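1. Just to be clear, the model below is a prediction. Sequence and coordinates:
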Amino acid sequence: MTRFFFNLATRGTTISDTKGREFADLAAAHRHAMQLVYKMALLEGADWEDWYLRITDTENRSLLCVLLPQMSSSPAAATVSVNQR
């Protein structure tokens, strides 16, 4: 198992994940990130324009970035497909 960190970021701002989470591989970490994005998109009143999740390893090396969807007027306006296993 490998520990991955899911840092929320935008221009000039990063909210660091200090605990991380263990997954078998990067594909599993990506699925987890997509689930987080889906949950965040459902938050009413949140503006996620230009935000993304930056997945890093234990040495803070960037492995993958997942963009958050830009919401038009309501969470129902965006559809995020999440492959849950």
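-> Here it is on my side, so go on.
2. could you check the distance from residue 68 over to residue 56?
-> Distance check for residue 68 against residue 56: by C-beta to C-beta, to the nearest Å, it reads 17 Å. Backbone N, C-alpha and C define where each C-beta goes, glycine included.
3. got the CA positions of stretch 42-55 in CSV?
-> Extracted in CSV, the C-alpha atoms of stretch 42-55 (Å, rounded to 0.1, in the frame of the first residue of the first chain):
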residue,chain,number,x,y,z
LEU,A,42,-22.7,19.0,-4.1
LEU,A,43,-21.8,21.7,-1.5
GLU,A,44,-24.3,24.6,-2.0
GLY,A,45,-22.9,28.0,-2.5
ALA,A,46,-19.3,26.8,-3.0
ASP,A,47,-17.4,28.3,-5.9
TRP,A,48,-14.7,25.8,-7.1
GLU,A,49,-13.7,27.7,-10.2
ASP,A,50,-9.9,27.2,-10.7
TRP,A,51,-9.6,24.8,-7.8
TYR,A,52,-8.1,21.3,-8.1
LEU,A,53,-7.0,18.3,-6.1
ARG,A,54,-3.2,17.7,-6.3
ILE,A,55,-2.4,14.1,-5.4
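4. Before we move on, what's the pLDDT of residue 44?
-> At residue 44 the predicted local distance difference test score is 76.
5. Contact partners for residue 3?
-> With contacts taken as C-beta atoms under 8 Å, 6 or more residues apart in numbering, residue 3 has the following neighbours: 20-22, 57-58.
6. Just the buried residues out of those residues, in PyMOL syntax.
-> Buried subset of those, written as a PyMOL selection, criterion 16 or more other C-beta atoms under 10 Å:
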select buried, resi 20
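7. can you put the contacts of residue 3 in JSON lines and add distance to residue 29 and pLDDT?
-> Formatted as JSON lines, the contacts of residue 3 follow (distance: C-beta to C-beta, whole Å; pLDDT from 0 to 100):
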{"residue": "20", "distance to residue 29": "10", "pLDDT": "97"}
{"residue": "21", "distance to residue 29": "8", "pLDDT": "97"}
{"residue": "22", "distance to residue 29": "9", "pLDDT": "98"}
{"residue": "57", "distance to residue 29": "10", "pLDDT": "97"}
{"residue": "58", "distance to residue 29": "13", "pLDDT": "96"}
